[in-house]
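> Task: produce atomic coordinates for the following.
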Amino acid sequence: ALFAQLSAHRERRADVWLASTTPGGPPDALFAWAATRIATGAEGGEGDLAWVYVMKLPLDAVVGPVREIRRTLDITRRDLEQEIGTSVTRLWTQVGIILAAVAGVALFVAWRAAHRRSQPLVAMAAAAEAIGRGDLTQHVAVRTTDEVGAMGAAINHMVAGLRERDFVKQTFKRYVAASV
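Numbering: from 1, shown residues only. Got it, this is the predicted structure:
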């Protein structure tokens, strides 16, 4: 097989090919050859010798390091995939915790704002009920100038008007006869 390859590539000065060292077997060696002329010193090149150098290199010597590199790269790739998977899982866990914390803070802030906004209305409702029962000592604290503050001011104004009405009634009772 070696001589057949050399004969087939006679016009070339060098070549490389894979071949089997056992008849009919898979390629297991790398062959390289090069043709050269050795000058004998005769005039006109007569008597020069033509030589062909053939090298046989076992395929494992060529492919073995590549296979080792591939095996190392496969192990490294698996390790990186595992590390990246772990990191992604850890990241999603952290994102979930942060989202839960942000949602909790947002709910607390919303509850606090709603409670703070509704507390004056609850106080006004309690004051209105007490006024309805006749307790004219009620006073609503007015902290804002918006609609809620205007409502508190109106309740305070109403209580002041009811107190004046009661004062006028009692004063008339004292000085004016009941028949009038």
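> just how off-centre is the helix or strand hosting Pro65 within its chain?
Remark: Pro65 resides in helix 59-132, with elements defined by DSSP states H and E. How far helix 59-132 lies from its chain's middle: 9 Å, per CA atoms, centre = their mean, to the nearest Å.
> helices or strands up against that helix?
Where contact means 3 or more CB pairs under 8 Å, 6 or more residues apart in numbering; DSSP states H and E, helix 59-132 is packed against strand 29-38, helix 147-175. Any C-beta I mention is one placed from the backbone N, CA and C, and that applies to glycine too.
> Going by neighbour count, list what's buried in the longest one.
Buried residues in helix 147-175, defined by neighbour count with 16 or more other CB atoms under 10 Å: Val148, Met151, Gly152, Ile155, Asn156, Met158, Val159.
> one step back: let me have the helices and strands packed on helix 59-132 in CSV, adding distance to Gln82 and mean pLDDT as columns.
CSV is the format used below for these (distance: least, CB to CB, whole Å; pLDDT from 0 to 100):
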stretch, distance to Gln82, mean pLDDT
strand 29-38, 37, 78
helix 147-175, 60, 90
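> Now render the ones you listed as JSON lines, adding distance to Pro65.
Shown next, in JSON lines, are the helices and strands packed on helix 59-132 (distance: least, CB to CB, whole Å):
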{"stretch": "strand 29-38", "distance to Pro65": "13"}
{"stretch": "helix 147-175", "distance to Pro65": "82"}
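> quick one: which of these is nearest Ala141?
helix 147-175 (7.0 Å; CB to CB).
> Tell me what angle that closest one forms with helix 59-132.
On the basis of axes from the mean of the first three to the mean of the last three CA atoms, to 10 degrees, helix 147-175 is oriented at 10 degrees to helix 59-132.
> I'd like to know which elements helix 147-175 is packed against.
With 3+ CB pairs under 8 Å, 6+ apart as the test, helix 147-175 has helix 59-132 packed against it.
> any idea of the mean pLDDT in the helix it packs on?
The pLDDT scores in helix 59-132 average 94.
> The helices and strands packed on helix 59-132: which one's closest to Trp51?
Trp51 lies closest to strand 29-38 among those, at 5.2 Å (CB to CB).
> What strands flank the closest one, and is each parallel or antiparallel?
strand 14-19 (antiparallel), strand 49-58 (antiparallel) (DSSP bridges).
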